[in-house]
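J.: Okay, here's the prediction I keep looking at, along with the sequence it came from:
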Amino acid sequence: MATPPAASTFLKLLRDEGVRVVEVGNWPTHNRNSKGPWGPVHGVMIHHTVTKGTANTVSICRKGYSALPGPLCHGVIAKDGQVHLVGYGRANHAGLGDSDVLAAVIAEKAPPADDQATVDGNRHFYGWECENMGDGKDPWPDAQIEAIVRVAAALCRHHGWSARSVIRHLDWQPGKVDPRGPGLNWTDVLTRVSERLTGTKPAPTPTPLPKPQQPTVDLSKLREAALKNPAAKGTPVTYSGTRTVEAALVNEGLLAKPYLDGHFGEATIEAYAKWQRSKAGGNYRGEAADGIPGRDSLQRLADKHGFKVVS
């Protein structure tokens, strides 16, 4: 169970967290305590206001309206990141919510889907209204997001809570959608709260290493290199796939490493002929084991040594 601190302590907690606070009127004594208990507190709830303009928003959240008297929260988080304190104590912000969600907040677990409204949230949550139209189009500036993070972290730090004690109105009461809008990523908000509380950033998710690309050998190019090299004068034909085949022949013990040079010369032809005559190469004989790669013998070598045959 967590007892709310005195208003003066509450103010200091926010300022110590770097929150830019604006005190509005008699906020330390402006509350709804005469209508019900305030505390024990178990978490922090974030809302959007469906209003435009900071002054107008602060006024509405402080005074309320005929159907719902103020204060409607403890503080208004403006778009510029300033936090306007409008009340302290019980406030008309949360309404009735889900008992399973409250249990999850107390246990500091992710909240389940809310499907009932039976528990007095005004008693158990600090409430923060954020200046936003809530139409899914009104953006959330980073200064405002940072203020949400700092306000939440200040209270979590004081009570010894984790970031899981911070929820949205939509997590609490069926039918609510707040807060929402471009620039507000709730997972990111909770991560940033956690970072402030721990003083360290969580280890980044390792980026998986790319899978090694399977070597490819073009049969027609390989045969061209094999047929031209022995008889050609001048510079031998070089093909990168030849080196792949030579490496396989070296691994088979059929070719000496010095000949692993990408030139399908006499040594490579002799080594490949040995492969063709071997059981794994197909047990070829005579002209069929001439050292010039054919589809079957090359595919057998590829299957054994992990390269791909094309063409």
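T.: Arrived safely, thanks for sending.

J.: switch to C-alpha atoms for all contacts and neighbour counts from now on
T.: Will do.

J.: Check which residues of the lowest-mean-pLDDT helix or strand in the chain are buried.
T.: Lowest on mean pLDDT, DSSP states H and E among the helices and strands of the chain sits helix 219-228, with a mean of 84. In terms of neighbour count (16 or more other CA atoms under 10 Å), helix 219-228 has its buried residues at 219, 221-227.

J.: what's the answer for stretch 260-280, then?
T.: In stretch 260-280, counting by 16+ other CA under 10 Å, buried: 260-265, 267-277.

J.: Take those residues and keep only those in strands.
T.: Under the assignment DSSP state E, the buried residues of stretch 260-280 contribute nothing to strands.

J.: Which ones among those lie within helices?
T.: 267-277 (DSSP state H).

J.: N122: which of the residues you listed is nearest?
T.: Taking CA to CA as the measure, N122 sits nearest to W275 out of those, at 81.6 Å.

J.: which non-adjacent residue is nearest that closest one?
T.: Sequence neighbours aside, G281 is the residue nearest to W275 in space, at 5.1 Å (criterion: CA to CA, 6 or more residues apart in numbering).

J.: Relative to P293, how far out is the one you found?
T.: According to CA to CA, to the nearest Å, G281 stands 10 Å off from P293.

J.: neighbour-wise, which of these two wins?
T.: P293 (24 against 19; other CA atoms under 10 Å).

J.: same for the helix ranked longest in the chain, what does it pack against?
T.: Counting residues, the longest helix found in the chain (DSSP H) is helix 142-159. Counting contacts by 3 or more CA pairs under 8 Å, 6 or more residues apart in numbering; DSSP states H and E, helix 142-159 packs against helix 7-16, strand 43-48, strand 75-77, helix 186-198.

J.: Could you list the buried residues of that helix?
T.: In helix 142-159, counting by 16+ other CA under 10 Å, buried: 144-157, 159.

J.: Show the contacting residues for G53.
T.: E131 (CA atoms under 8 Å, 6 or more residues apart in numbering).

J.: about what we covered before: quickly check the buried residues of helix 142-159 for the two that are furthest apart.
T.: Q144 and H159 (23.1 Å).

J.: Enumerate the beta-bridge partners assigned to G43.
T.: Judged by DSSP bridges, the bridge partners of G43 are F125.

J.: what's the pLDDT at it?
T.: G43 carries a pLDDT score of 96 in this model.

J.: what about it, distance to K176?
T.: Counting by CA to CA, the gap from G43 to K176 is 18 Å.

J.: ok, the two, which is more surrounded?
T.: Using other CA under 10 Å as the criterion, G43 and K176 rank with G43 on top: 26 against 13.

J.: and that one, what is it in contact with?
T.: 105-106, 124-126, 156, 165-167.

J.: from those residues, which is closest to V24?
T.: Nearest member of the contacts of G43 to V24, counting by CA to CA, is Y126, at 17.2 Å.

J.: ok, and the closest non-adjacent residue to that closest one?
T.: V44 (4.8 Å).

J.: Repeat that for W172.
T.: Closest to W172 by CA to CA, 6+ apart is G97, at 5.2 Å.

J.: What count of nearby residues applies to the one you found?
T.: Neighbours around G97, by other CA under 10 Å: 23.

J.: Was I right to think it contacts V119?
T.: Yes - in terms of CA atoms under 8 Å, G97 counts as a neighbour of V119; the distance is 5.1 Å.

J.: Give me the below-cutoff pLDDT ranges for this protein.
T.: For the chain, the stretches with pLDDT under 70 are 1, 200-213, 229-237.

J.: Got the domain ranges for it?
T.: The record's domain split for the chain, according to automatic domain parsing, is 7-198, 216-310.

J.: Most tightly packed of those domains?
T.: Comparing the domains of the chain by mean neighbour count (mean count of other CA atoms under 10 Å), domain 7-198 comes out on top with a mean of 20.

J.: circling back to that earlier point, looking at the buried residues of helix 142-159, which is nearest T191?
T.: Looking across these and measuring by CA to CA, the closest to T191 is V149, at 9.2 Å.

J.: re the thing from before, now what about the least confident helix or strand of the chain, what contacts it?
T.: 236-239, 241-242, 263-265, 269, 292-295, 309-311.

J.: Please write out the alpha-carbon positions of the next helix or strand after it in CSV.
T.: The first helix or strand that comes after helix 219-228 along the chain, using DSSP states H and E, is helix 240-251. The C-alpha coordinates for helix 240-251 follow below in CSV (Å, rounded to 0.1, in the frame of the first residue of the first chain):
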residue,chain,number,x,y,z
SER,A,240,35.3,-17.2,-59.7
GLY,A,241,33.1,-20.3,-59.6
THR,A,242,36.2,-22.3,-60.5
ARG,A,243,37.8,-21.4,-57.2
THR,A,244,34.6,-22.7,-55.4
VAL,A,245,35.0,-26.0,-57.2
GLU,A,246,38.7,-26.1,-56.6
ALA,A,247,38.1,-25.6,-52.8
ALA,A,248,35.8,-28.5,-52.8
LEU,A,249,38.4,-30.7,-54.6
VAL,A,250,41.0,-29.6,-52.1
ASN,A,251,38.7,-30.6,-49.3
